[in-house]
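# Next one to model:
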Amino acid sequence: MVAMPSKTWLQPRSLYFTLAAAVFIAAGTVEALVHRPWLGPDKKFGFWCGSIWSSECSQRLADPYSFSHIVHGIVFYGLLWLCFRKASVAARFLTSVVIECAWEVGENLPFIIERFRAANAALGYEGDSIMNSLSDVVMMAIGFWIAWKFTPWKSLAAALVMEVGCALWVRDNMTLQLVMLLHPIQAVKTWQNDAAPASIKAKMR
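Numbering: from 1, shown residues only. The predicted model follows:
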């Protein structure tokens with residue numbers, strides 16, 4: 001007797017990925033409609049910006065915060081696996097894309113931008129370019145793929161390496177951003193600002 005495939009594999013995976021692509025395009029469209037710049041205020045394309053204090057940060061294709069979005073994907077995979085184990089991987093991926101796209105649109109609203117400027121190491125932050133915002137969604141998808149492809153312990157280890165590495169490198173990461181948005185801690189903000197270039201520190205006075 002031939003065993004029937006599980007219901008998980010009978011799910012229309014192509015539909016979920018098509019919907020994920022549609023949500024991705026919709027997020028970019030919404031950001032364009034609210035007049036977010038495609039390439040940042042200077043209208044220049046760039047692959048990488050390595051300084052979180054630079055005006056180019058969050059404007060180029062990738063920056064140190066790209067690692068935080070990879071961690072998003074790993075976290076989303078883990079949480080959705082715990083909460084919706086019977087859902088297919090494709091369905092959980094779609095859910096992750098919806099959450100990440102909603103965040104990307106939300107964080108570029110004026111009051112969220114101001115919150116970042118006030119609570120995080122983001123003096124002068126003016127929001128993401130659309131290119132950077134959509135790149136963040138792709139980074140999340142990479143993190144989701146890592147968590148799906150590798151064992152939970154390897155995925156957790158990868159997330160910890162990125163979080164600790166970014167904390168040591170730029171004094172910021174996904175965990176610190178979340179903490180500082182919800183409940184700013186002055187000692188953390190002081191520690192982060194101590195790493196700022198002299199020109200940035202002068203503006204803080």
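
# Could you give the number of residues near Ala198?
6 (other Cβ atoms under 10 Å). For glycine as for every other residue, the C-beta is placed from the backbone atoms N, C-alpha and C.

# Quick check: the most centrally placed residue in the chain vs Leu39, distance?
Centrality entry for the chain: nearest residue to the mean C-alpha point is His69, 3.0 Å, by Cα atoms, centre = their mean. Separation of His69 from Leu39 (Cβ to Cβ, to the nearest Å): 19 Å.

# Isn't the residue nearest to the centre of the chain up against Asp136?
Yes: if you go by Cβ atoms under 8 Å, His69 and Asp136 touch, sitting 4.4 Å apart.

# what sits in contact with each of these two?
Residues touching both His69 and Asp136 by Cβ atoms under 8 Å, 6 or more residues apart in numbering: Glu100.

# which residue packs closest to the residue nearest to the centre of the chain, ignoring adjacent ones?
Residue nearest to His69 in three dimensions, not counting chain neighbours: Met139, with 3.8 Å by Cβ to Cβ, 6 or more residues apart in numbering.

# distance between the helix or strand containing that neighbour and the chain's centre?
For Met139, the host element (DSSP states H and E) is helix 130-149. Mean-position distance between helix 130-149 and its chain equals 7 Å (Cα atoms, centre = their mean, to the nearest Å).
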